[in-house]
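K.L.:
Below is the structure, and that's it, no one-letter string:
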């Protein structure tokens with residue numbers, strides 16, 4: 001992380017804050033983080049504005065005693081010493097507001113915590129109808145709950161419906177930050193990672209039957225991804241070169257087996273990491289994966305959720321995709337693309353059987369692993385999925 005973008009300011013000039021209070025929300029490469037006050041005091045000056053992109057270490061506000069006066073020369077020195085990457089209009093907007101005035105939310109955004117936003121989405125509460133009771137007019141979870149209980153919300157569109165006006169043909173659509181970062185990393189991957197690609201077709205009839213039985217029994221719901229991630233982690237234990245990265249004239253193997261899971265979010269795609277997968281049962285992987293999915297879609301992923309992956313699993317089967325070639329995430333050796341499960345007629349001793357089949361394509365960094373080694377790894381994963389009795393549920 002070299003820079004971060006201010007997406008919300010939760011305080012105003014004159015507010016008293018305690019150490020640990022949330023004062024800003026900062027968007028990094030792929031996560032929005034809550035920034036805590038490093039000390040107690042009163043907000044004397046706010047040096048940044050919403051949508052400013054700042055280098056790491058840039059000053060953001062000044063705290064002081066209640067009656068302390070901060071000379072304008074100090075403010076100017078701080079601003080000039082670590083300027084924000086911003087347009088002139090944004091720089092003018094960064095001037096502190098009067099102590100009695102709450103900051104205006106920027107167009108298209110609400111002064112609400114990520115948890116409040118997620119709760120509002122779940123309960124169908126329109127944030128534009130609420131008045132926040134938190135610091136600086138911030139909408140809290142309690143505000144959302146009160147609105148839902150009092151039927152003070154307006155109906156909202158279904159979650160699958162894109163919010164706001166949709167772009168029209170012939171228009172120019174600006175990239176969001178996640179799209180820019182994804183584009184940069186995928187270009188880096190294509191330039192620096194010489195890949196080869198392997199495709200197999202697994203018979204997952206028994207896996208489908210086992211998952212159906214387990215889910216019908218109640219309790220934790222297991223997805224196909226949970227079994228695939230476990231199979232991949234087991235394969236990495238047996239074929240450890242697949243966890244490696246080239247360092248000079250050596251291959252550095254990973255210390256732990258962590259698997260990325262590609263997740264679709266409103267702004268694009270993220271791939272948080274399920275940690276120590278080889279040491280976990282399928283059920284534990286399911287719990288960890290679901291927690292990551294919820295945090296990703298609530299924009300609450302932490303940097304640690306995105307670090308340390310050996311391989312990524314990307315499953316487009318839910319979209320009716322049979323087969324695709326994924327791009328390796330920089331810093332990893334490979335990525336597994338998984339297609340949909342389809343009914344397929346298979347000859348068997350003169351008879352025709354209907355079996356559940358699933359395509360998997362492995363993209364591999366040829367600097368790290370050769371074709372024969374990667375093929376053995378993929379075949380091992382395939383056979384695990386075809387014989388699910390080997391899994392620890």
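P.N.:
Happy to help now that I have it. Only a predicted model underlies this, so the values are computations on that prediction, with no experimental measurement involved.
K.L.:
Secondary structure element for residue 345, which one?
P.N.:
In the assignment (DSSP states H and E), residue 345 maps to strand 334-348.
K.L.:
Buried residues in that strand, which are they?
P.N.:
If you call a residue buried by 16 or more other C-beta atoms under 10 Å, then strand 334-348 has these buried ones: 334-341. For the C-beta atoms, the positions are set from N, CA and C on the backbone; glycine is no exception.
K.L.:
counting contacts, what elements does that strand pack onto?
P.N.:
Helices and strands in packing contact with strand 334-348 are listed as helix 224-238, strand 311-315, strand 351-365; criterion 3 or more C-beta pairs under 8 Å, 6 or more residues apart in numbering; DSSP states H and E.
K.L.:
Dump these to TSV, plus distance to residue 11 and mean neighbour count.
P.N.:
Formatted as TSV, these follow (distance: least, C-beta to C-beta, whole Å; neighbours: other C-beta atoms under 10 Å):
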stretch	distance to residue 11	mean neighbour count
helix 224-238	40	23
strand 311-315	38	23
strand 351-365	46	18
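K.L.:
The ones you listed: which one's closest to residue 69?
P.N.:
Set against residue 69 and scored by C-beta to C-beta, the helices and strands packed on strand 334-348 come closest in strand 311-315, at 53.5 Å.
K.L.:
Touching that closest one from outside, list them.
P.N.:
With C-beta atoms under 8 Å, 6 or more residues apart in numbering as the test, strand 311-315 has contacts from 224-225, 228-229, 232, 236, 242-243, 259-262, 271, 326, 329, 332-338.
K.L.:
Lowest mean pLDDT among the helices and strands of the chain, which one is it?
P.N.:
Across the helices and strands of the chain, mean confidence by mean pLDDT, DSSP states H and E is lowest for helix 88-93: a mean of 42.
K.L.:
any weak-confidence spans in this structure?
P.N.:
Low-confidence segments of the chain (pLDDT under 70): 1, 29-31, 81-111, 113-115, 118, 121-122, 128, 134-138, 149-165.
K.L.:
most distant residue from the middle of it?
P.N.:
Here the chain reaches farthest from its C-alpha mean at residue 350, the gap being 49.2 Å by C-alpha atoms, centre = their mean.
K.L.:
any idea how far residue 205 is from that one?
P.N.:
As judged by C-beta to C-beta, to the nearest Å, residue 350 and residue 205 stand 19 Å apart.
K.L.:
Show me which residues of stretch 382-389 are buried.
P.N.:
Using 16+ other C-beta under 10 Å as the burial criterion, the residues of stretch 382-389 that qualify are 382, 384-386, 388.
K.L.:
Could you point out the member of these that lies closest to residue 218?
P.N.:
Using C-beta to C-beta, the buried residues of stretch 382-389 come closest to residue 218 at residue 388, 19.3 Å.
K.L.:
Can you spell out the domain ranges of the protein, please?
P.N.:
Domain ranges of the chain: 3-105, 110-157, 178-390, per automatic domain parsing.
K.L.:
okay if I get the ones you listed as a markdown table plus distance to residue 170?
P.N.:
Output for the domains of the chain, formatted as a markdown table (distance: least, C-beta to C-beta, whole Å):
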| stretch | distance to residue 170 |
| --- | --- |
| domain 3-105 | 25 |
| domain 110-157 | 25 |
| domain 178-390 | 20 |
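K.L.:
Ok, which of those comes nearest residue 167?
P.N.:
Closest to residue 167 of these is domain 178-390 (C-beta to C-beta; 13.4 Å).
K.L.:
what are the ranges of the strands in the stretch 1-150 of the chain?
P.N.:
Assigned by DSSP state E, counting those that start in this stretch, the strands in the stretch 1-150 of the chain fall at 3-9, 16-17, 22-27, 32-36, 41-46, 53-55, 61-64.
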